[in-house]
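Q: below is the sequence, then the predicted model.
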Amino acid sequence: MKLTWFPVNAINPEGETLKIEDSSVWPEIWADNLVEFDMAGQIGSDFSGELFVLPQEDGCLVRGKLMGTMHLACSRCTEGVDIVINQVFDTFEPYPGGHFKRLTDLAPGKTHDKGRRRNEDRQDRKLEEAHQRDGLDIDPDVDEEVIREMADVRGGMEINLAALLWQELVLALPIKVLCKPDCRGFCPQCGKNLNLEACSCEGEILDPRLAVLRNLKINS
Ligand SMILES: [Zn+2]
Ligand SMILES: [Zn+2]
């Protein structure tokens, strides 16, 4: 089982387990994300992951965990901060188009459902046509970063576990990385790190959250 796009039908139907114990794998599988989020080189050498993937009729069940240290920078003073990740997840990733399948799979024989079912079938066909025409995914539950239809195998699905793991990492990170909750950041006027020393600047009281930005402006 490969971490990036991998055919679901090549996964053992009983489920497969994958352990990522060599942390040198991450910069490779997350290369684009790490550059985009400016986080390259910040994955700790203890970083590891574990996955269990179980293909189902209409999607994939994925359980796993991400553990280890991320070396990030405080968003106020840029001091290094170690964030310990311990993210356990259990998710179901539906296949695109699974929506249609479920509706047409409705059990027959319920007379009062027949009219509705015909309407739904009609509606479905329209939607499916539109879907094929536009190449759009109309099921809001489907995450196209993680599951997609294979280009060369009709009805074949492939899964991107690296993308799923990245999403779990982002969920595990704090919204704002701080070295300590009351980090004072840089003085917006003289640029001193106010955690280390006081400065004699006076005057306007500025939003400390803007300090880092202001400081960058001065330097640029
Ligand atoms: Zn700080
Ligand atoms: Zn100052």
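A: Nice, I can see it. Residues are numbered from 1 along each chain as shown. Ligands and ions are numbered 1, 2, ... in the order given.

Q: what about the closest residue to L169 other than its chain neighbours, how many neighbours?
A: Distances taken as C-beta to C-beta, 6 or more residues apart in numbering place L66 nearest to L169, at 5.9 Å, with adjacent residues excluded. C-beta coordinates here come from the backbone N, C-alpha and C atoms, glycine included. L66 has 23 neighbours, counted by other C-beta atoms under 10 Å.

Q: does L66 really touch Q87, like I thought?
A: Yes - with contact defined as C-beta atoms under 8 Å, L66 and Q87 form a contacting pair (4.4 Å).

Q: give me the common contacts of the two.
A: Common neighbours of L66 and Q87, using C-beta atoms under 8 Å, 6 or more residues apart in numbering, are E168, L169, A172.

Q: got the residues of this protein near ligand 1?
A: When proximity is defined as C-beta under 5 Å from the ion, the chain approaches ligand 1 at C74, R76, C77, E79, C179, C183.

Q: ligand 2: which of those is nearest?
A: Checking those against ligand 2 by C-beta to the ion gives C77 as the nearest, at 13.4 Å.

Q: tell me the pLDDT at that closest one?
A: What the model reports as pLDDT for C77 is 94.

Q: ok, for it, nearest residue in space, not its chain neighbours?
A: Leaving out its chain neighbours, the residue that sits closest to C77 by C-beta to C-beta, 6+ apart is G185, at 5.0 Å.

Q: what about the one you found, neighbour count?
A: Neighbour count for G185, taken as other C-beta under 10 Å: 24.

Q: pLDDT at it, what is it?
A: At G185, the model reports a pLDDT of 94.

Q: same question for the one 4 residues further on.
A: pLDDT, the model's per-residue confidence, is 91 for Q189.

Q: wait, it touches S200, no?
A: No - using C-beta under 8 Å, Q189 is not in contact with S200; the gap is 9.8 Å.

Q: what's the spacing between A198 and D182?
A: Look at A198 and D182: by C-beta to C-beta, to the nearest Å, they are 15 Å apart.

Q: before we move on, what about E28?
A: In terms of C-beta to C-beta, E28 sits 38 Å off from D182.

Q: can I see the domain layout of this structure?
A: What automatic domain parsing lists as the domains of the chain is 6-96+139-172, 184-220.

Q: and among the ones you listed, the most buried is which?
A: Mean neighbour count (mean count of other C-beta atoms under 10 Å) peaks for domain 6-96+139-172 among the domains of the chain, with a mean of 16.

Q: tell me how far the ends of that one are from each other?
A: 25 Å (C-alpha to C-alpha, to the nearest Å).

Q: and that domain, how far out from the chain middle?
A: From the chain centre to the centre of domain 6-96+139-172 is a distance of 7 Å (C-alpha atoms, centre = their mean, to the nearest Å).

Q: from now on call the first residue 45
A: Let's use 45 as the start, then, which means that last one is domain 50-140+183-216.

Q: does the residue sitting nearest the centre point of the chain sit in a helix or strand, and which one?
A: In the chain, the residue lying closest to the centroid (C-alpha atoms, centre = their mean) is Q211, at 1.4 Å. Using DSSP states H and E, Q211 sits in helix 205-216.
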